[in-house]
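1. pasting the sequence and the predicted model now:
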There are 2 protein chains.
Amino acid sequence: MAAPEARPRRRADAERNIARIVTAARTLLGSNPNATTDDIAQAAGVGRMTLYGHFRTRADLVEAALMDALRVGEETLSSIDLSGDADAAMIRLLASSWRLVAESASLLTAAEDVLPPGRVRELHAAPAERMTELVRRGQEQGVYRTDLPAEWLVSVVHYVLHGAAAESREKRLAAPDAADVVTRTVRPMLIG
Amino acid sequence: MAAPEARPRRRADAERNIARIVTAARTLLGSNPNATTDDIAQAAGVGRMTLYGHFRTRADLVEAALMDALRVGEETLSSIDLSGDADAAMIRLLASSWRLVAESASLLTAAEDVLPPGRVRELHAAPAERMTELVRRGQEQGVYRTDLPAEWLVSVVHYVLHGAAAESREKRLAAPDAADVVTRTVRPMLIG
DNA sequence: CTTAATTCGTACATCGATGTACGAGTTGTG
DNA sequence: CACAACTCGTACATCGATGTACGAATTAAG
């Protein structure tokens, strides 16, 4: 319901502007959850009124941005080979997840603020399920610990990813090392 | 600069009201970073104008609340015996830290919003230093891993604590189990 | 009991952000 | 080319929260 998909016709430039707006929203909100509609319109190189022509409320815009971020993420993550050894697959998954999380860090905060409760989690169902499945397989293979529920382990991984993103933003963690540090931090936790 | 300490005289009821306001702020902001001055005044059983008589700006109030939360935390934490085996001490420290973090969860968010950048970290210096010292001792004792800096390990512990607080708020983690779960989650990360 | 401190209601000024209204200009599209 | 779709500026209405001004009633403290 965020992006008006089912309309009779739409001109090409409108389509293009919508895309630019959503991208700008994703970028700006990704680093500052309080970015205003004005900021976003400007960053998109578009008048504020044009923005309101496509997104009636700020909530609509935030939701569209979040869905776009998830779509991009899905594209990246779905191309990762998760077969075979669960632990090796997890390392590959983490390496790619790291960037995605870092880019959308505060977009989540913005979404939690304006979207109905539970909506964010709802939209995250697919990506979350992917990692949960992987952890479960690791547990079945005897590689990962079973004394804590898979859901909790996945949550912890997310919190560490977000933490790393925050540390990296504050320059306390060098960006190139981040993915590796996260992996080395998280693995012992999963193994137990 | 948050609480007007250095004033000629102050009546007992004023003192009492200030205490009630700060406590209310700590509680409300602990669960909702967007609580308004009005909310807080009401919760303290005090008129909004009285509140403004003691705290000129919202920022002053938030800072006072944060400092109070830290003071309470310091009282609790400083009574913990950290001597001897670092790992055993860490378990004791985590058990007490858990409650404190859960209570002030979103107070931090509120503070980050209104206080000058870096101020929050500055105020956290003391408690952070305590845990960093402990981790360092663990490293020297050969119990904790040394392939990652102590500062990062401490950060991770904080992120997991906050994560557990969030999960607990969303009822996905039973409160009584939380401390134990956190401990079992964090230890393997520290050991490596 | 006298005085000064304190409370606190009402009313108002301000500020930033959201969203609406109007309308003139611009540009894809068939 | 003609028309509808679209852009987008200005101006405005609104809303919630912050903070100020005034002043009367209350209350602690010596």
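-> Received it, and whenever you're ready, just let me know what you need.

2. now do the helices in chain A.
-> Here chain A has its helices, by DSSP state H, at A:12-31, A:37-43, A:48-54, A:58-78, A:86-114, A:119-123, A:125-140, A:150-169, A:175-191.

3. same for the fourth one, what does it pack against?
-> Right, helix A:58-78. Secondary-structure packing of helix A:58-78 (3 or more CB pairs under 8 Å, 6 or more residues apart in numbering or on different chains; DSSP states H and E): helix A:12-31, helix A:37-43, helix A:86-114, helix A:119-123, helix A:125-140. (Glycine included, C-beta is placed from N, CA and C.)

4. output the below-cut-off pLDDT ranges for chain A.
-> Under the criterion pLDDT under 70, the flagged ranges of chain A are A:1-8.

5. what parts of it come near chain B?
-> Counting by CB under 8 Å from any CB of the partner chain, chain A comes close to chain B at A:147-148, A:151-152, A:155-156, A:158-160, A:162-163, A:167, A:172-173, A:181, A:184-186, A:188-189, A:191-192.

6. ok, and of those residues, which contact DNA strand D?
-> When CB under 7 Å from any atom of the strand is applied, no member of those is adjacent to DNA strand D.

7. just the buried ones from these?
-> With neighbours counted using 16 or more other CB atoms under 10 Å in any protein chain shown, the residues of chain A next to chain B contain these buried positions: A:148, A:152, A:155-156, A:158-160, A:162-163, A:167, A:173, A:181, A:184-186, A:189.

8. pull the most distant pair out of the residues you listed.
-> A:L148 and A:L173 (25.8 Å; CB to CB).

9. next, format the helices and strands packed on helix A:58-78 as JSON lines and append mean neighbour count.
-> Converted to JSON lines, the helices and strands packed on helix A:58-78 look like this (neighbours: other CB atoms under 10 Å in any protein chain shown):
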{"stretch": "helix A:12-31", "mean neighbour count": "18"}
{"stretch": "helix A:37-43", "mean neighbour count": "17"}
{"stretch": "helix A:86-114", "mean neighbour count": "19"}
{"stretch": "helix A:119-123", "mean neighbour count": "14"}
{"stretch": "helix A:125-140", "mean neighbour count": "17"}
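
10. which one of these lies closest to DNA strand D?
-> helix A:12-31 (3.6 Å; CB to the nearest atom of the strand).

11. touching that closest one from outside, list them.
-> A:3, A:35, A:39-41, A:43-46, A:50-51, A:54-55, A:61-62, A:64-65, A:68-69, A:103-107, A:110, A:169 (CB atoms under 8 Å, 6 or more residues apart in numbering or on different chains).

12. again, only this time at 6 Å
-> Helix A:12-31 is contacted by residues A:35, A:39-40, A:43-44, A:46, A:51, A:54, A:61, A:64-65, A:68-69, A:103-104, A:107, A:110 when judged by CB atoms under 6 Å, 6 or more residues apart in numbering or on different chains.

13. give me every residue in chain A lying close to DNA strand D.
-> A:8-11, A:13-14, A:17, A:46-50, A:53-54.

14. greatest separation within the residues you listed: which pair is it?
-> Farthest apart among those - using CB to CB - are A:P8 and A:R48, which lie 25.4 Å from each other.

15. could you check which of these two is surrounded by more residues?
-> A:R48 (15 against 4; other CB atoms under 10 Å in any protein chain shown).

16. surely that one touches A:A41?
-> Yes - using CB atoms under 6 Å, A:R48 is in contact with A:A41, at 4.3 Å.
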